[in-house]
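**Q** Generate coordinates for the sequence data below:
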Amino acid sequence: MESIVYVGMDVHKATYSLCALDKATGALLAETQCASEPKLVEKFINGLAEELDPDTKFVTGYEAGILGYSLYHSLKNLGIDCIILAPTTMYSSAKNKMVKNDSMDARMIAKNLAANTYCAVYVPDEADNEVKEFIRLRKMMKKDLIRVKQQIGMFLLRQGLKCSASKWTLAYMDWLKKVPLSPVLRSVLDEMTLQKSELEEKIARYDQTIETFANSERYTKPIHALTSMKGFKTTTAMTIHIEIADFKRFKTAKAFMSYVGLNPSEHSSGDHTIKGGDFEAR
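**A** Numbering: from 1, shown residues only. As a prediction, the model looks like this:
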């Protein structure tokens, strides 16, 4: 019978807390804290391997968080099996909720791995992950653009200025250029409108790059399938495809809806009533 040791990892920017658990006996084999270097995880495992059966298999795992997939890929490159656990699906004891620290979190992760009381996070390949980061950059610029537009609107409101034209149309932008202001206030408005223009130029450039991605052999078929539906443009289709990556991993439509938070849910207590999507699935 194959012996398996699960290594729970509570990972942070500067440190990793590691806990090794024997699946068969449930015995805690070793614990340590080290700098955030994948090579040190390998060293920890190699030290345990010297004391155990030569055929012992090691499986590591950590909660999805700030490190994204970087640690996963680093460990895989070192020949170490790794699983990223979805936090909302993991079992957590009452004790762990009362007393929480890095070593206890590492133990909890190891126990979840051993008991299979979790759902693994889907890990995209390197190419999909690169495109995902680019699309998220575009999303970040879009948020900045919305923020700048709001700031321009609040600035005009504070000055008691209103325009009859619809916001951000050519007529509205022409009005912004001509609205009477003192030199200082004119410089404030000009700087904000310049920032708006620069962000719009960046987003347009990013959209062209996303179009290039969409027309590549890797993405042409799935993106064409999505854009053939009403309301789906290339950027939206690429965002959905990259974030989901593989629709086949969802056994049913309900499972997919749960993943994106569209299943109806209710979290109410006393006088407070909250209704919405399936929060736990996000």
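**Q** quick one: the helices in the stretch 101-250 of the chain?
**A** 102-115, 126-158, 170-178, 183-214, 220-227, 234-244 (DSSP state H, counting those that start in this stretch).
**Q** Which positions within the first one qualify as buried?
**A** Judged by neighbour count (16 or more other C-beta atoms under 10 Å), helix 102-115 contains these buried residues: 102, 104, 105, 106, 107, 108, 109, 110, 111, 112, 113, 114. C-beta: built from backbone N, CA, C; applies to glycine.
**Q** The second one now?
**A** Residues of helix 126-158 classed as buried under the neighbour-count rule (16+ other C-beta under 10 Å) are 128-129, 131-132, 134-135, 138, 141-142, 144-145, 148-149, 152, 156.
**Q** Not counting its neighbours along the chain, what's nearest residue 42?
**A** Once its chain neighbours are removed from consideration, residue 42 has its nearest residue in residue 78; the separation is 5.1 Å (C-beta to C-beta, 6 or more residues apart in numbering).
**Q** how far away is that neighbour from residue 110?
**A** The gap separating residue 78 from residue 110 is 19 Å, by C-beta to C-beta, to the nearest Å.
**Q** try residue 25
**A** Relative to residue 110, residue 25 is positioned 13 Å away (criterion: C-beta to C-beta).
**Q** can you check residue 174 too?
**A** Applying C-beta to C-beta, the value for residue 174 to residue 110 is 64 Å.
**Q** Equivalent analysis for residue 55, please.
**A** Distance check for residue 55 against residue 110: by C-beta to C-beta, it reads 20 Å.
**Q** So which bits of stretch 60-76 are buried?
**A** Residues of stretch 60-76 classed as buried: 60, 61, 62, 63, 64, 67, 69, 71, 72, 73, 74, 75 (neighbour count, 16+ other C-beta under 10 Å).
**Q** so where's the stretch 151-282 of the chain uncertain?
**A** Under the criterion pLDDT under 70, the flagged ranges of the stretch 151-282 of the chain are 263-282.
**Q** and stretch 207-226, how far from the chain's centre?
**A** Here the centre of mass of C-alpha atoms in stretch 207-226, compared against the chain's by C-alpha atoms, centre = their mean, to the nearest Å, lies 22 Å away.
**Q** again with stretch 243-262
**A** 16 Å.
**Q** Now do the end-to-end distance for that stretch.
**A** When the termini of stretch 243-262 are compared using C-alpha to C-alpha, to the nearest Å, they are 16 Å apart.
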